[in-house]
Structure formats: structure tokens, C-alpha cells
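Student: Give the three-dimensional model of this entry:
(one chain, ligands or ions: 2)
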Amino acid sequence: MSAPSIKPASSGTLDLQNVPVTELKGVGPKLAEKLAGIHIHNVLDLLFHLPFRYQDRTRITPIGSLNHGMEAVIEGDILGSAVVFGRRRSLLVKVQDGTGITSLRFYHFSAAQKNNLQDGARIRCFGEGRWGKSGVELYHPEYEIIAHQDKAMADRLTPIYPATEGLHQARLRTMTEQALAMLAKSRSLPDLLPSSLSQQLKFISLEDALGYLHRPPVDASLNEFEVGTHPAQARLAFEELLANYLCLRRLREAADKHAAPSLPEGKPGKGELTKHTLDALPFTLTNAQQRVSKEIARDMAKPTPMLRLVQGDVGSGKTLVAVLAALQAIEHGYQAAIMAPTEILAEQHYLNLEQLLQPLGLDVAFLSGKIKGKQRNIVMEAMQSGQAQLIVGTHALFQDEVAFSKLGLIVVDEQHRFGVHQRLALREKGSSPSEGSKGSTYPHQLIMTATPIPRTLTMSAYADLDCSIIDELPPGRTPVNTILSSDTRRGEIIERIQKACADGKQAYWVCTLIEESETLQLQAAEATYTEMQLLLKGIGIGLIHGRLKPREKADIMHAFKQGELQLLIATTVIEVGVDVPNASLMVIENPERLGLAQLHQLRGRVGRGRTESHCVLLYKAPLSDVAKERLSIMRQSNDGFFIAEKDLEIRGPGEVLGTRQTGLMEFKLADLMRDAHLQPKIKLWAEKIRAENPELIEPLIKRWLAGSEQYGHV
Ligand code: ADP
Ligand code: MG
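Tutor: Ligands and ions are numbered 1, 2, ... in the order given. Next comes the predicted model:
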């Protein structure tokens, strides 16, 4: 019924995806390298690199009304300039405009710059007013000496782009300027959405949306931009999410064309291995574990590869579900592999599983980057010969030189650390040429995540997967008692830790950044570590953060687990899966900077043992109302799904924590959480396009996902 409004750019016309950034004026190989560092390779990438905020430089502000914290353009005559020697040497330039006098202050300046700022010259500056010695001053403003009084002002808002070291805003502006001109001239970004869609959703064209966001008019709503609900943003996010959804669906279709070993559950009822394993456990499966296990077993019995995601809150017992799946493969003479995202987690799984399964006569192997030399050869040999039945490890499992004998199941634990492309690479690893008419044979795949996401998002984030949810915790858990506390009570909290550790308990102290950052006022893990060492004498204190080598991290975690350390100062690296049952107290500093999903994951590190556990959210006062409301949800509930839904609900202006903080997948410009309201429409239209305009799928995927590894596999 509905045809695309314009035909997709055929290979004959200029395709901005094929124009490297080096084609732009002023972009040499060095700059191109910097741009590549932020994933900008071609002109289209550059056009998709959107500003994250804007400045209004369209009006001149009288110096007399300049205020602290105000971003403004001023224009005036230079009264005089001098190098002054305060605590730091600086160049101070006085400027007047008839309404007042202000000073420009430069801590870094060249001789040429100093000469340029002559008395009497007319200068136009842009900067942020700050209280200084001489009243409100401008520190390191952008400026230009102007010859004519009536030099034109900017007539649009000025974009501020995400940048990187050595890549300046001015450069990004001239580059995007050229890219926009190129786009206007080539008209090479045809609308790929069916016109019926654009009409119904009242979408402007892609070209207009990009033009608008790169150079908005003065009257554009900055508030809408900030929250991400501006129609131009929605237009772009919609198309990107749509392309992503279509890509995942296509991946799934491709996977369904392949064969997999059919591994039905042992008859009658459960197989021997499964039965013995369950008998050996001191508890019975929860209803949720049973239900999900059944769903998995049914998938594995089919002759097509299982692609199933298990979402289950921290502590819901996902490992056991994975083990049961592994046993099902092993009973049929296949191998199973369990991959964890970190050395610490992999080793923890290995130790637990070996303890559980070795008594049953199973051969459990472990492979990580840490296993080297002779030991590595032994493990690899066991994997290749098929002697190793269950193999636990890190990414190391899927390096080129590693081979399996007969891999029937791959389990990926804590999936959000792995991208789609890694899932695909994994699958290739266990593939073998098929005997029948189907494509090659793939192992079954089970993906486990402890990041519960709202149901509305599951659909699109994991459109290539079937989903199971373990929505029940094993009985007997006491929920973690969560307390909100202002950092003015930091001293009391530290005393509490002292007491707890003296009683033989263990505690985590989580800091959200590793280095001191003036502007964000985040407490640094390193500073806290030093502080605690001074304050808490006689307590073993460890520090763990992302910059440590995996080896060092594992050693520290080990010492904590063994009880050699009582207090662990950590950045968010401890977030995933680590199990230290004796740890019953956690303090999280600046929790207001984190998404609720992440807070929930962190909190899940405590409350794993018998003692009552506490989590103190030590926020930086004062807290906004919305932030308070968000954090209080952590107090209300220990249910990850509930928390995820609420997190989505109460995102308001200024509280837009992007996907980055939730650990979910990342897009060029869409944001799964921010753009959640688009989801139902995306699914609807994607299915419509699949049915009615399948010719649009390829160009859409190419536009948004070309270059990404997952595209290469479709
Ligand atoms: P997660 O879902 O976070 O990976 P785990 O699989 O690590 O959770 O399980 C957490 C703890 O709960 C483990 O110590 C495990 O032995 C225990 N457990 C799992 N299933 C049950 C159950 N049905 N009853 C009681 N304890 C269970
Ligand atoms: Mg786990």
C-alpha cells in the first residue's frame, strides 16, 4: 500500500556514508584519527553526531547586566591589558561597553595573543561569567577582534558537541557546517520511512531533523531538547530504533534457518545427571526456576538453535537454571560452555560448579586469560578432545586458537556486558557444517542478565531473543534494609562501619568515580581509601577499581571473600555477580548520579547471607525533589522489575540519565530509556514494513548499522 516517498539513494549518487571525513576542509589524517576515536569515520557519522546542548550567542549582553554563572556574548573596547601575578600568572584584559567594565582572564596565553589584545581594539567575547577579584569576569572566553561595529551575530543557537581531547568545538562546528552543506547539495539522505508512517506520526524529513538539531533557530525549546522529546529528536531516534529492531529481527530469521542439535530432556522425566544434581542440592527449585527451566528444555529439544534470554534479579538463582540446561546438553554427549564477563565471576562460577558436579563424575574445565603455558594447553586439549564436558571461562573461551569438540550449548552470563556482535562471534565458534539441507549447525544459546528492564523495552532491546523471566527469589531472603542519608552524616556512617567490622561483618563502600572531579564533587575512591585507612585503624581495607589489572582485581576480591579484608572501597566494578555472603553492609556515595537499575545491582551484593543487611545511600545534599523520589524507590522495593518500571516512570527534566548508566545497549543517538515512549510504535511499524515494504529494510539497516559488527553478520 504505502510506497517510500523517495527512492533510496542508488549506488550512482553521492552517498555520505562513502565520503570519508578527510574529504572535509581542514581534516587531515591526524584529526581523522581523533574522530575515529569517537566513531566518526564518514560524513554521515558526523551528521549523526548531535550536539548535547546549545548556547545562545544571538544577542549581545550589556556588561552591566553580566552575572555569575551566565553564558553571554559581550562586546566592547579594550581599556587595557596586563600580566598579573597572583597565585597564578594570568593575563587580565579590561573591557568596557558603556554599561560597565569587566575583565577577561587568561591563565594560558601566547605572546601573539597578548599583542593582539591592544588597547582601544574592539572585541566580542563569549564566555561564562564568574565571580573574580574585579567583580564578574570571563575566564578564557572565546573572542575575536572585530573591525566593524555591526559585525553579524549568530542567527541560530550555537551547538555544543560531544568532543574529545584535541578536538575543539569550533572545529566541530566548521566540520558539521560543511557536512550540512554537502547534505543539502547532494540530497543524498532520502526518507526511508513509508510515507504513511511519516504522515501518521507527523514526522519531518530526516534532512530537516538533522538540520534543525545541528543549527536550531533561536526560538527552539531548549527544555524539549534536554529531555529528548523534541520532534526532531524523536524523528531520528525512531528511525534508528526501527533500524535496530529490523536488524535484530533479521538476525533472528537468519538464525532460525540454521540447524542445532535436538537435545530433548532425558526420558522418562529428567535425566540421571539432572536428577542427581537436584538431589544433591539442599533446597528445591523455585516455581520460577522450574518454569524457566521448562522453557529452556523445550527450546533445546528443537532442531533449531535456541536464542533465549533469562532475566532474573540478582540472587534469583540463574546459575542453577544454566546448570540444568548444561546438563541436558551433556546428557546427550555434547559439551556446554558458560562464559562470564570478568575473571572474578568466571572463577567463582567454576569453583561452585566444580564442587557441585565433580562428585557426579563430570569433567569441569576452566579457561581464562590467566591460565597460561602448560596448564592452558592441557585445558585446550581437554576441550578439543571432548573430555571436558562443562567449560567455564571468560572471553578467552572464544579466541581463535580455542576449539571445542562438540559444543551443544553456550551460556552467556550477565549479558549486558556483551554486545550483539559478541553473541554472534560466540555462535560461530560452536558451529559446524550441517549434514542436512539446512545451513551450518549452531549450538543453543542461553543469555542471562540481572538487569531487569521494563517489559516495554525488552521487546526492542532483545528483538532477536525469546525471553524468560525468573520473577521470584528463593525463600528465606531478608530484604536489604535501605537507608537514605545526607553526606552531612558521613561521620556517623563511618562509625557504623567500624562497629560492624569489629563484629566480624564485612562492608562495601562504593564510590562512583575514581578521580577527584571538582565540578561533579564526586568522592573519589582513592581519596576515600586513604581517608578510611586513617580513620579505621585495625581493619583490613582494600581498594578495587576498573583501572586495576584483572589479576589484581581478582586477588583483592579473593582476599575480601576470604575475610582478610573487612572493608572494600570500590568503584562500580563490583556491580556484577560477585558473591560474598558475609558482606552485610554497603554504603553507596552519590547514589543520585546512578540509574536505579545500577543501584539495584550494586545493592544486590549484600543480603546474600543470613545476617540482616543494610544499604546506605549517602547522597550529596541538597537533593532535588525528583532525585529524592527516585532514590526513595530503592527504599520501597527490592524487586528489580518494579524498580526498573519506576525508574522509567519518573524520569523528568534534568533527571535524564542515559542508557549508559543502565548498562543497556548504546545507540548513535537514540536512548532506550529516554525514548521508551516510542517503543510500541516501533514494533508496530517494523512489522508493517516487514510485511509491506521489505525493500526498505536493507537500506535502513545499512544507514544506521553499517560498520557495526552486527551488520556484517546479517
Ligand atoms: P543470580 O541469579 O544472581 O546469578 P545465583 O544463581 O548466584 O543468583 O544464586 C544465588 C544464591 O541462591 C546461590 O547461593 C544459590 O545457591 C542460591 N539458590 C539458587 N536457587 C535456590 C533455591 N531454589 N532455593 C534456595 N537457594 C537457591
Ligand atoms: Mg549470577
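
Student: Residue numbers of the chain in contact with ligand 1?
Tutor: 283, 285-286, 289, 312, 314-320, 450, 474 (CB under 6 Å from any ligand atom). For every residue, glycine as well, the C-beta is placed using N, CA and C.

Student: These into JSON lines, with extra columns for neighbour count?
Tutor: Shown next, in JSON lines, are the residues of the chain next to ligand 1 (neighbours: other CB atoms under 10 Å):
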{"residue": "Phe283", "neighbour count": "11"}
{"residue": "Leu285", "neighbour count": "17"}
{"residue": "Thr286", "neighbour count": "19"}
{"residue": "Gln289", "neighbour count": "21"}
{"residue": "Gly312", "neighbour count": "25"}
{"residue": "Val314", "neighbour count": "23"}
{"residue": "Gly315", "neighbour count": "17"}
{"residue": "Ser316", "neighbour count": "27"}
{"residue": "Gly317", "neighbour count": "19"}
{"residue": "Lys318", "neighbour count": "24"}
{"residue": "Thr319", "neighbour count": "20"}
{"residue": "Leu320", "neighbour count": "21"}
{"residue": "Ala450", "neighbour count": "26"}
{"residue": "Pro474", "neighbour count": "15"}
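
Student: Quick one: mark the members of those that sit in strands.
Tutor: Members of those lying in strands (criterion: DSSP state E): Gly312.

Student: From Lys668, how far out is the residue of the stretch 51-200 of the chain found nearest ligand 1?
Tutor: Residue nearest to ligand 1 within the stretch 51-200 of the chain: Pro162 (34.2 Å; CB to the nearest ligand atom). Distance, Pro162 to Lys668, using CB to CB, to the nearest Å: 11 Å.

Student: before we move on, the earlier item: let me know the pLDDT of the residue nearest to the residue of the stretch 51-200 of the chain closest to ligand 1 when sequence neighbours are not counted.
Tutor: In this structure, Pro162 finds its nearest non-sequential neighbour in Phe52, 5.6 Å apart by CB to CB, 6 or more residues apart in numbering. Note on Phe52: pLDDT of 84.

Student: Am I right that Phe52 is in contact with Ala163?
Tutor: No: counting by CB atoms under 8 Å, Phe52 stays clear of Ala163, with 9.7 Å between them.

Student: Hmm, Ala260 is touching Pro443, no?
Tutor: Yes: judged on CB under 8 Å, Ala260 makes contact with Pro443 at a distance of 6.8 Å.

Student: Now list whatever residues contact both of those two.
Tutor: Pro305 (CB atoms under 8 Å, 6 or more residues apart in numbering).

Student: Mind jotting down where the helices sit in the stretch 1-150 of the chain?
Tutor: All helices of the stretch 1-150 of the chain, identified by DSSP state H, counting those that start in this stretch, fall at 29-37, 43-47, 111-116.

Student: Present these as TSV; the columns should include mean neighbour count.
Tutor: What follows is these, written out as TSV (neighbours: other CB under 10 Å):
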stretch	mean neighbour count
helix 29-37	14
helix 43-47	24
helix 111-116	11
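
Student: Could you work out which of those reaches nearest to Thr571?
Tutor: Proximity to Thr571 (CB to CB) singles out helix 29-37 among these, at 23.1 Å.

Student: Determine the set of other helices and strands touching that closest one.
Tutor: Helices and strands touching helix 29-37, by 3 or more CB pairs under 8 Å, 6 or more residues apart in numbering; DSSP states H and E: there are none.

Student: Off-centre distance for it?
Tutor: 23 Å (CA atoms, centre = their mean, to the nearest Å).

Student: What is the longest helix of this protein by residue count?
Tutor: The single longest helix within the chain, with elements called by DSSP state H, is helix 231-256.

Student: For my notes, confirm the residue of the stretch 51-200 of the chain closest to ligand 1 occurs in a strand.
Tutor: No: note on Pro162: no strand contains this position according to DSSP: H, G, I helix; E, B strand; the rest coil, which reports coil.

Student: Which pLDDT does the model give it?
Tutor: pLDDT, read off for Pro162, is 83.

Student: Ile38 is in contact with that one, correct?
Tutor: Yes: contact criterion CB under 8 Å: Pro162 and Ile38 qualify, at 7.0 Å.

Student: any residues in contact with both of these two?
Tutor: Residues within reach of Pro162 and of Ile38 at once, by CB under 8 Å, 6+ apart, are His49.

Student: of all of the stretch 151-300 of the chain, which residue lies closest to ligand 1?
Tutor: Using CB to the nearest ligand atom, Phe283 is the residue of the stretch 151-300 of the chain that sits closest to ligand 1, at 3.6 Å.

Student: Contacts only, for that residue.
Tutor: Pro474.

Student: From the contact counts, what lies against the longest helix of the chain?
Tutor: Checked by 3+ CB pairs under 8 Å, 6+ apart, helix 231-256 has helix 206-214, helix 420-429, helix 455-461, helix 679-692, helix 697-705, helix 709-712 packed alongside it.

Student: Pull out the buried positions in the next helix or strand along the chain from it.
Tutor: Proceeding N to C from helix 231-256, the next assigned helix or strand is helix 272-280, under DSSP states H and E. Buried residues in helix 272-280, defined by neighbour count with 16 or more other CB atoms under 10 Å: Leu273, Thr274, Thr277, Leu278.

Student: Now helix 272-280: average pLDDT?
Tutor: Across helix 272-280, the average pLDDT comes to 89.

Student: Where does pLDDT dip in the stretch 601-714 of the chain?
Tutor: Flagging of the stretch 601-714 of the chain using pLDDT under 70 yields the residue ranges 651-666, 707-714.

Student: Can you name the residues that contact the residue sitting furthest away from the middle of the chain?
Tutor: Note on the chain: the largest C-alpha distance from the chain mean falls to Gly120, namely 51.5 Å (CA atoms, centre = their mean). For Gly120, the contacting residues are Asp77, Ile78, by CB under 8 Å, 6+ apart.

Student: Need the CA coordinates for stretch 642-651. PDB is fine.
Tutor: Only the C-alpha atoms of stretch 642-651 are listed here, as PDB (Å, rounded to 0.1, in the frame of the first residue of the first chain):
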ATOM      1  CA  PHE A 642       9.400  -2.900  39.900                       C
ATOM      2  CA  ILE A 643      12.400  -0.600  40.200                       C
ATOM      3  CA  ALA A 644      13.100  -0.600  36.500                       C
ATOM      4  CA  GLU A 645       9.500   0.400  35.700                       C
ATOM      5  CA  LYS A 646       9.500   3.200  38.300                       C
ATOM      6  CA  ASP A 647      12.900   4.400  37.000                       C
ATOM      7  CA  LEU A 648      11.300   4.800  33.600                       C
ATOM      8  CA  GLU A 649       8.200   6.500  35.000                       C
ATOM      9  CA  ILE A 650       9.800   9.300  37.000                       C
ATOM     10  CA  ARG A 651      12.400  10.500  34.600                       C
END
